[in-house]
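1. With the sequence up front, the predicted model follows.
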Amino acid sequence: MTSHLWYPVVHGRTRSVDRWWRVLPEGLTEGESAWLRQAVQAVVAGGRDLAVGPRFLLADEGRLRLVGVACQAGLLSRTMATDTGKAAGRPLYTFVGWMNRSPSPPAPVPGLPAWQAHLADWAAPVYDHWVGQDWDRPARKLNAPNLSRPGEAPWEVAALPADGAWTPARTSPPGVRVVPAARAEAVWNAAVAGPGPVLLTTGWPGVAGIPRGATMTATCDVAEELTLPPPATPVTEREPEAVKEEATNAEATKEEATKEEELPDAGDELLAWAKSVLARVPWVPGRGERDRPETEPVVEEKIPDPPPSRGRGMRALLGDDEREKPGR
């Protein structure tokens, strides 16, 4: 275990609700929250290419350090890995990470080979805990993320060799600096050792999937280093499902309200039925309403059937003596 404390961060949806933030560190300012969310979206990228393999994130803004993995949920859980809503069976993806508040010196982080070897060992328990407690909750109970408190990280850290040939992202031009995947480990080690700001994502299978909305360094399967210019207009990364999140959640909430709506009380239905029957019984002279003209014709109407058993049930209104007994 490390002597530095880390806040768990989990980004991933539940089985039927498109709300993605499962847990965020407590006490984030608005600016810190925006920085963390942008860093996570940079590595998640709406789940693009995660079926090919996981991606790892190291972000540091000088006061906060964030490290973690974006991957298919099936690498971390057998029971919370697919959608059971309208797109039943669709594989889900997630980000599991840890944030540290040590401005100086930076909190030590394991090397890339350790992350690749222990991905499930470190991330699965965190995913199970935070996603598990929200997995079956309805949309109306998922209005805000959970808040995490600092704790020990699950890893041991060894000294990492530095790579003096690589410089942090703060000296790079705007856009995405793409480094060949063969240098991923050295770039990771240099980012760990150096101060921020830095935003590093590793594991991209191709340039096409890398998001352009943030200034960062990415390792990818390219022959030589290159820079992807920023987009002409700002790009806001959103999950594919989250594009329709508001409508989906509104529909889910409406469905829950319908399911949970209390059924009409059987007594109310019985009373309404009785009144309708009395209103249809033909008037017989000499048996009530003496001022009613005797010349009024008697019109027989079909008496409606009693209401079906709902709510507490019709028999629930009857005493024990009136319940059906054997032999009746």
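-> Looks like it came in fine. Numbering: from 1, shown residues only.
2. low pLDDT regions in the stretch 151-300 of the chain?
-> For the stretch 151-300 of the chain, the stretches with pLDDT under 70 are 158-174, 232-271, 273-275, 277-300.
3. Please report the distance of the residue nearest to Asn100 when sequence neighbours are not counted from Leu58.
-> Setting aside the residues directly before and after it, Asn100 is nearest to Ala107 in space (C-beta to C-beta, 6 or more residues apart in numbering), at 4.0 Å. Every residue, glycine included, has its C-beta placed from N, CA and C. Per C-beta to C-beta, to the nearest Å, Ala107 is found 11 Å from Leu58.
4. Repeat that for Leu76.
-> Taken as C-beta to C-beta, the span from Leu76 to Leu58 is 19 Å.
5. same check, this time on Ser33
-> For Ser33, the distance to Leu58 - C-beta to C-beta - is 19 Å.
6. Which one of those two is surrounded by more residues?
-> Leu58 (25 against 14; other C-beta atoms under 10 Å).
7. is it true that the more buried one touches Val69?
-> No: counting by C-beta atoms under 8 Å, Val69 is not a contact partner of Leu58; they are 10.7 Å apart.
8. mind checking the SS state of Ala59?
-> Assigned with DSSP: H, G, I helix; E, B strand; the rest coil, Ala59 falls in the strand class.
9. so where does the residue lying closest to it once chain neighbours are set aside fall, helix or strand?
-> Using C-beta to C-beta, 6+ apart and skipping the chain neighbours, the partner closest in space to Ala59 is Ala39 (3.9 Å). Assessed by DSSP states H and E, Ala39 sits inside helix 30-44.
10. Which residues in that helix does the neighbour count mark as buried?
-> The neighbour-count check on helix 30-44 (16 or more other C-beta atoms under 10 Å) flags 32, 35-44 as buried.
11. One more: stretch 89-102?
-> Neighbour counts over stretch 89-102 (16+ other C-beta under 10 Å) mark 92-101 as buried.
12. out of these, who's nearest Pro8?
-> Among the buried residues of stretch 89-102, Trp98 lies closest to Pro8 (C-beta to C-beta), at 6.1 Å.
13. Report the beta-bridge partners for the closest one.
-> Note on Trp98: beta-bridge partners Pro8, Val67, judged by DSSP bridges.
14. What distance do you get for it to Arg137?
-> 24 Å.
15. With Ala120 instead?
-> Distance, Ala120 to Arg137, by C-beta to C-beta: 25 Å.
16. now do Cys220
-> Distance from Cys220 to Arg137, counting by C-beta to C-beta: 37 Å.
17. Then Phe56?
-> To Arg137, Phe56 is 29 Å away according to C-beta to C-beta.
18. ok, which stretches of the protein are strands?
-> Applying DSSP state E to the chain gives strands spanning 5-11, 21-25, 55-60, 65-72, 93-100, 146-148, 151-152, 176-180, 198-204, 216-220, 226-228.
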